[in-house]
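Colleague: got a structure for you, letters missing:
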């Protein structure tokens, strides 16, 4: 059973590596397509550039983390154990947690707001193309990935996760806040998509209903 779990984790991290490549690709593609030549959206351009740049740096670091995880679980799959020193494995666990927090604050949350601006505020003046739909999907998947990361570290799932941070109280608080923020912005991103009445963002649709109710009172 443990062998099957190791194989599943290997496939999971390989999938995450493919996601990281697509995520960075569509971050920059959408930045240049939607904002690079827009003089009237300089503030949003700065936010988009910041989130894309931070995302690129973090994705490069995450490639090293996931590469280590793949090697670790490959050794367990083939030999039943890993020769990787426990100290190194715990170091990568702590690094993943810290990168996840930075990515949540400086990338995923900002890009959730960008998704809302594009769909709800009609920033581009027309419906975004397929490349931005992929960007939106990556934004949603990022929050799912972040939820899994914080849950596994909060519950101590996986080898080394139970003592990945010396200060268990600090890890508990960090994971709890990160998990809550990921869930909130996940729903916010989904509601920002044009899936409500007449292809309207659900956020604006709900606001319009509230305003309509206030007028009738």
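Modeller: Cool, got the structure. Quick caveat, the model's predicted, so the values are computed rather than measured. Residues are numbered from 1 along each chain as shown.
Colleague: element containing the spatially most central residue of the chain?
Modeller: Nearest to the geometric centre of the chain sits residue 142, at 2.4 Å (C-alpha atoms, centre = their mean). Assigned by DSSP states H and E, residue 142 falls within helix 130-155.
Colleague: For the helix or strand residue 11 falls within, name the packing helices and strands.
Modeller: In this assignment (DSSP H and E), residue 11 forms part of helix 2-34. With contacts taken as 3 or more C-beta pairs under 8 Å, 6 or more residues apart in numbering; DSSP states H and E, helix 2-34 sits against helix 42-79, helix 130-155. C-betas here are computed from N, CA, C, even on glycine.
Colleague: Now do the same for it: mean pLDDT, whole number.
Modeller: When pLDDT is averaged over helix 2-34, the result is 88.
Colleague: residues of it that come out buried?
Modeller: Neighbour-count burial for helix 2-34 flags 6, 9-10, 13, 16, 19-20, 23-24, 26-28, 30-31, 33-34 (criterion: 16 or more other C-beta atoms under 10 Å).
Colleague: what packs against the helix holding residue 142?
Modeller: Counting contacts by 3+ C-beta pairs under 8 Å, 6+ apart, helix 130-155 packs against helix 2-34, helix 86-103, helix 109-120, helix 168-192.
Colleague: between those helices, which one is nearest to residue 55?
Modeller: Counting by C-beta to C-beta, residue 55 lies closest to helix 2-34 out of the helices and strands packed on helix 130-155; the figure is 5.5 Å.
Colleague: and the residue nearest to the residue nearest to the centre of the chain when sequence neighbours are not counted, what does it touch?
Modeller: Take residue 142 and drop its neighbours on the chain: the residue closest to it by C-beta to C-beta, 6 or more residues apart in numbering is residue 108, 4.8 Å away. By C-beta atoms under 8 Å, 6 or more residues apart in numbering, residue 108 lies in contact with 139, 142-143, 146, 182, 185.
Colleague: Could you rank those by neighbour count and give me the top one?
Modeller: When neighbours are taken as other C-beta atoms under 10 Å, the top entry among the contacts of residue 108 is residue 139 (27 neighbours).
Colleague: Pull up the gap between that one and residue 153, please.
Modeller: The span separating residue 139 from residue 153 equals 22 Å under the rule C-beta to C-beta, to the nearest Å.
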